[in-house]
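Undergrad: task: produce atomic coordinates for the following.
(one chain, ligands or ions: 1)
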Amino acid sequence: MAFETINVEVDDHVALIKLDRPDAMNALSQQLVGELLQALEEADANEKVRCIVLAGSDKAFAAGADIKEMAKLGFVDVFNANLFAQVNDRIAAIRKPIIAAVAGYALGGGCELAMACDFIIAADTAKFGQPEINLGVIAGIGGTQRLARFVGKSKAMDMNLTGRLMPAEEAERSGLVSRVVPAKKLMEEAMGAAQKIAEKSQISVLAAKEAVNRSYETTLSEGLRFERSLFHSMFATEDQKEGMSAFLEKRQAQFRDK
Ligand SMILES: CCCCCCCCCCCCC[C@H](O)CC(=O)SCCNC(=O)CCNC(=O)[C@H](O)C(C)(C)COP(=O)(O)OP(=O)(O)OC[C@H]1O[C@@H](n2cnc3c(N)ncnc32)[C@H](O)[C@@H]1OP(=O)(O)O
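TA: This is a model prediction of the structure:
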């Protein structure tokens, strides 16, 4: 399907999804959110795709929900529509890894979208924030919950209450992002990471993603039990046999399990 507010390219096992509303700093309109969710689900269902990269423009990953759309809404509108309720569930249901490649502004829903991905690679130009307080609202899809878990209460409270932006270096230091690279290297780094993941055992990749994500949903002892049962199940795969044999035979593993 042709999209109007995003671009999708699939090449060599990696799906690159780029937000494309340059005139509005990639503001997350209802149309863009719908197209993004469909593109993610199509990539997840595409057997050729093994990793997904989500990117914006040099100036903005995404500047948040579309304020022009939200300005005219009232409580009854958003409550009855249960606005954005399904977004979290649909992104959480994507089994393949999603790397957020963030340059420029990732604000409000833009920061929340990046945090909902599996890890963030940031350009040194990236600025993260939850400035909803400036609009007389609060973050609505993870900006108080994920942020507090990722960077700790003090920084999450500071950002949500003052609306200040967190530069890339602080974001890395705080654990919000995995790596910071020069802006001109961002896409090379993100696509390189995606390629590296695509070469791994796909079944192990899916299992590792599920295990790490479970750590945010359960107790340590329960999480260790979940991790152990997934670890044990890896020994039923051809990839475990191939991976360990390849190491002992000092050759590159050729993983087969889908
Ligand atoms: C778990 C899954 C998560 C999935 C998330 C994805 C789906 C969910 C999306 C909805 C999320 C709802 C909950 C969320 O918490 C609520 C919000 O996001 S509220 C919005 C928060 N964002 C902001 O407050 C930032 C607003 N923008 C700015 O502060 C500035 O634009 C800027 C980014 C600092 C850049 O400033 P400048 O360089 O000066 O550029 P301009 O301001 O002139 O902007 C250029 C142009 O773009 C338009 N624009 C910018 N941001 C938005 C926006 N958020 N909505 C609509 N339009 C925007 C701006 O109006 C200008 O347009 P023009 O005037 O030229 O027509």
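
Undergrad: Val14 reaches Ala55, doesn't it?
TA: No. With contact defined as CB atoms under 8 Å, Val14 does not reach Ala55; the gap is 11.7 Å. Just so you know, the C-beta spots here come from the backbone N, C-alpha and C atoms, and that holds for glycine as well.

Undergrad: list the contacts of whatever residue of the stretch 101-250 of the chain ends up closest to the ligand.
TA: Using CB to the nearest ligand atom, the single residue of the stretch 101-250 of the chain nearest to the ligand is Gly108, 2.5 Å away. Residues near Gly108 by CB atoms under 8 Å, 6 or more residues apart in numbering: 63-65, 129-132, 139, 143.

Undergrad: which of these has the most neighbours?
TA: Within the contacts of Gly108, neighbour counts (other CB atoms under 10 Å) peak at Gln130, which reaches 30 neighbours.

Undergrad: residue contacts, it?
TA: Contacts of Gln130 by CB under 8 Å, 6+ apart are 107-108, 111-112, 139, 143-144, 147, 159-160, 163.

Undergrad: list the buried residues in stretch 233-242.
TA: Within stretch 233-242, the residues scored as buried using 16 or more other CB atoms under 10 Å are 234, 237, 239-240, 242.

Undergrad: which ones among these map onto helices?
TA: Among the buried residues of stretch 233-242, the members found in helices (DSSP state H) are 234, 239-240, 242.

Undergrad: ok, the contacts of Gln130 vs Val78, which is closest?
TA: Ala139 (14.1 Å; CB to CB).

Undergrad: skipping adjacent residues, who's closest to the closest one in space?
TA: Leaving aside its sequence neighbours, Ala139 sits nearest to Gln130 (CB to CB, 6 or more residues apart in numbering; 4.6 Å).

Undergrad: so what's the residue count around Met244?
TA: 12.

Undergrad: sketch out the low-pLDDT regions of the stretch 151-258 of the chain for me.
TA: Low-confidence segments of the stretch 151-258 of the chain (pLDDT under 70): 257-258.

Undergrad: what segments of it are helices?
TA: Assigned by DSSP state H, counting those that start in this stretch, the helices in the stretch 151-258 of the chain fall at 153-162, 168-174, 186-199, 202-214, 220-234, 238-248.

Undergrad: ramachandran coordinates for Glu9?
TA: Backbone torsions of Glu9, given as degrees, to the nearest 10, read phi -130, psi 130.
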